[in-house]
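Novice: here is my input, please return the structure:
(2 chains)
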2 protein chains.
Amino acid sequence: MTSRYKSYVSIEQLTEHVGQTVELRGWVYDKTAKGKLVFIKLRDGSGIVQCVLFKPNVAEDIAERAGELTQESSVIITGTVRAEQRAPGGVELDVTDISIIQIAKDYPITPKEHGVEFLMEHRHLWLRSTRQHAIMRVRASVVKAIRDFFDGNGFKLQDSPIFTPNACEGTSTLFETDYFDLGKAYLTQSGQLYAEATAMALGKVYTFGPTFRAEKSKTRRHLTEFWMVEPEMAWFDLNDDMDLAEDLVEYIVQYVLQTNPRELAALGRDVSKLEAVRRPFHRMSYSEAVEWLNANNVKLNRKQPDGSEIQIDFPWGEDFGAPQEEALMTQFDKPCIIHRYPAEVKAFYMKRDPNDQRVALAMDMLAPEGAGEIIGGSQREDDHDALLARLQHEGLPEEAFQWYLDLRKFGSVPHSGFGLGLERTVKWITGAEHIREVIPFPRMIYRIVP
Amino acid sequence: MTSRYKSYVSIEQLTEHVGQTVELRGWVYDKTAKGKLVFIKLRDGSGIVQCVLFKPNVAEDIAERAGELTQESSVIITGTVRAEQRAPGGVELDVTDISIIQIAKDYPITPKEHGVEFLMEHRHLWLRSTRQHAIMRVRASVVKAIRDFFDGNGFKLQDSPIFTPNACEGTSTLFETDYFDLGKAYLTQSGQLYAEATAMALGKVYTFGPTFRAEKSKTRRHLTEFWMVEPEMAWFDLNDDMDLAEDLVEYIVQYVLQTNPRELAALGRDVSKLEAVRRPFHRMSYSEAVEWLNANNVKLNRKQPDGSEIQIDFPWGEDFGAPQEEALMTQFDKPCIIHRYPAEVKAFYMKRDPNDQRVALAMDMLAPEGAGEIIGGSQREDDHDALLARLQHEGLPEEAFQWYLDLRKFGSVPHSGFGLGLERTVKWITGAEHIREVIPFPRMIYRIVP
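Specialist: Here you go, the predicted model:
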């Protein structure tokens, strides 16, 4: 691959150019002057480097231009690359020339503290800050790691559609739009059902795209628009599915550790916590988890008819919430998979455990450090009549699922899959406080601009 | 990367197992019997292999099971891999055992001809056919090539949002949805404006996701939901932009040629046409193209006030339609970039040519073989006041573009980008007749199921 369209050097390549004169293009991140020296921190999107101008060494007009530079002014700076052990990138630039492209006036995001609403209003500029920039680069790495992992393991990308024809599970959490003469279309919440169809055509597939939830959740873990990768594999059972999920998450985390040490450092991330994310992860069944909660006196708050609250043992059959998940994860320094949940709290398409009809062959992966659920998956019901009975039991419209039932009529095979939430994974790896920081332009119930 | 969860072999790996006994898992694509021989074409998603059962060599119950197999029945077949020059994959399997998972009854897509509406209704099954399967694998390769190209050239993926707050260019081609208390949200038609913001933060970025057009176009080139990759580069001018577009398209086509020879053969694609797609591509300005059309007597049909039609020379200033593009491309066996279109027919954000204010620094890439436009791009207007004037001239709401104008206030730099339509590119490379075949579940004005 060439880059004949780019004659200038990027900051991340500077260590290859020590002793050479190079031309950098970028924006002024910070500037300080001290006697005859001007220190310009230049960012170009690939990194930041300190450019040092020693006034006696340059013509007067160049020193004057350095004086004019303000935060976020765009410039072309020429200089000689000098190795500098103490610099974060290992190099500095001794400035020989400066061309000003534009002097930025009154850049709104100054080094002082700003409120989060102000920053969100200026998200298009906030992304230039060291911290947001680092998160965005880690996000790009996580996506690349995911795609490399699947492409390298014989999976084929198969995009599931965004527009879906039925509000099968109720419209309360679905975004809808008018669709010509066909009535309404609904924005997908998951590409899984379609991935099951493509898996029967291509064996091992993944779908990776935006998904949508019109939930009125105002938590630090909810977006209305978020990206999800969903592998689906013919012939995989629940154990294979859990193995694959472990392999994937280990691969992602180790890839980011290798690829983004500078970004993790900029974020102040404790990398030892990520280095610990090595297979095998922990695993326990839902029933074991309930036992652990009760043995460790993790009580459930339950409202009484009279409005008072009492604390009870966790009853087998209820779904876990964040408090139970957090309590469980206090034991672990790497992810844990909880498997075999009560069938009644899980989706209709999950296969029952042949050894215990009360539970579904489902699994969730919880990440450590309070990051919570990042993966949910299952072995799918592959028996036509059992699936039909589940559909009917849940009052779902049989007609709308006819094509999905077809997959159990024509060469049905055991198959499994899961979904990994991209933003929750990036939030965990970067240690970001809030999920709004890990996607370039977050969409939440109270935010749709810029 | 391990695959400890997969002990069976995939058909595309069979050539590495000649002489060995392997277990294949898949579906019966076709079956014929001839005396003591049964020939089972097995597909597993990675490929197709002929499995040969010689009755005297196996127990009676195994031969009986072979007899029961129908199209799309799911099976596990064990056998010995034998090199076979005449076989498409170079190998055949001598069957020693068969386990039936499910016998498929009355699979609806038989080897006979089916109407396209019937096939589209059964899209979830149609994807299993050799031709659709090959197209889907090429599509996956095209996506991988695009991502590898950008990731390998210092670009960072930055997802643009799907929900956008304003119907800036009129609502007629936009899908809209209610968005909580914030009014309406509109589904994105392009991630470009957001990519311009992230390019100022990260230098070179690309956004790659689904985009939406509520156009009532019933052509072989229109989908309501399609994928587009949009690179955006700080510091690139129009020439850099065109160079990058050429590099990308060459890379994609050569990657598919290397990666998917079997699929291209299954599609009957004339690969010599693709081998010719090598840099440099052709380039001509819009003005040169108009001259060529008129010199070659390619007339424009123009309706007269009385309803009659006359043929006129192509007038400078009008946009090209499919007839002009097709006529122009008859000269070429590889793509051609047309650049510097009349500013009035192009979008407000495109920069005017400083050498000729009548034209915008825009470019479209047309693919050969009648494939038409696959890329549209431009150098962007980077001057705040010029951009504001264009917004006002077009009657666009200034307030909604405030954040976009900010990019021209705070360190504005020359920058460029383009969008490549994934489905149009896959349609061209595969030679598919209709765009509905190049996406797993196409969405058109008259189709939203399955």
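
Novice: what mean pLDDT does the helix or strand hosting residue A:291 get?
Specialist: Assigned by DSSP states H and E, residue A:291 falls within helix A:286-295. Mean per-residue pLDDT for helix A:286-295: 98.

Novice: give me the distance from that helix to the chain's centre.
Specialist: Taking CA atoms, centre = their mean, to the nearest Å, one finds the center of helix A:286-295 at 29 Å from the center of the full chain.

Novice: correct me, but residue A:442 touches residue A:223?
Specialist: Yes. Applying CB atoms under 8 Å, one finds residue A:442 in contact with residue A:223, separated by 5.8 Å. In short, each C-beta sits where N, CA and C put it, glycine included.

Novice: of the two, which one has the most company?
Specialist: Set residue A:442 next to residue A:223 and count neighbours by other CB atoms under 10 Å in any protein chain shown: residue A:223 wins out with 24 against 20.

Novice: check contacts around whatever residue of the stretch 101-250 of chain A ends up closest to chain B.
Specialist: Of all residues in the stretch 101-250 of chain A, residue A:203 sits closest to chain B, with a separation of 2.5 Å (CB to the nearest CB). Taking CB atoms under 8 Å, 6 or more residues apart in numbering or on different chains as the definition of contact, the neighbours of residue A:203 are A:154, A:156, A:233, A:234, A:235, B:10, B:26, B:44, B:45, B:46.

Novice: hang on, the earlier thing: between residue A:442 and residue A:223, what contacts are shared?
Specialist: Contact with both residue A:442 and residue A:223 is made by residues A:435, A:436, according to CB under 8 Å, 6+ apart.

Novice: pLDDT weak spots in chain A?
Specialist: A:1-7, A:168-170 (pLDDT under 70).

Novice: try 50
Specialist: Applying pLDDT under 50 to chain A picks out residues A:1-2.

Novice: residues from the stretch 351-450 of chain A in reach of chain B?
Specialist: If contact is defined as CB under 8 Å from any CB of the partner chain, the residues of the stretch 351-450 of chain A in contact with chain B are A:403-404, A:406-407, A:409-413, A:439-441, A:443, A:445-446, A:448-450.

Novice: try 10 Å this time
Specialist: A:382-384, A:400-404, A:406-414, A:416, A:422, A:439-450 (CB under 10 Å from any CB of the partner chain).

Novice: among those residues, name the buried ones.
Specialist: Neighbour counting by 16 or more other CB atoms under 10 Å in any protein chain shown classes A:382, A:384, A:400-401, A:403-404, A:406-414, A:416, A:422, A:439-445, A:447-450 among these as buried.

Novice: so which of those sit within strands?
Specialist: residue A:416 (DSSP state E).

Novice: nearest to chain B: which residue in the stretch 251-400 of chain A?
Specialist: Going by CB to the nearest CB, chain B is nearest to residue A:251 of the stretch 251-400 of chain A, at 6.9 Å.

Novice: what's the distance between that residue and residue A:276?
Specialist: Look at residue A:251 and residue A:276: by CB to CB, to the nearest Å, they are 15 Å apart.

Novice: these two - which one has more neighbours?
Specialist: In this view residue A:251 and residue A:276 are compared by other CB under 10 Å, and residue A:251 has more residues nearby, 20 against 13.

Novice: so that one makes contact with residue A:151?
Specialist: No. The pair residue A:251 / residue A:151 is not scored as a contact, 12.0 Å apart, by CB atoms under 10 Å.

Novice: residue A:37 - how many residues pack around it?
Specialist: 11.

Novice: give me the beta-bridge partners of it?
Specialist: As for beta bridges, residue A:37 partners with residue A:34, residue A:54 under DSSP bridges.
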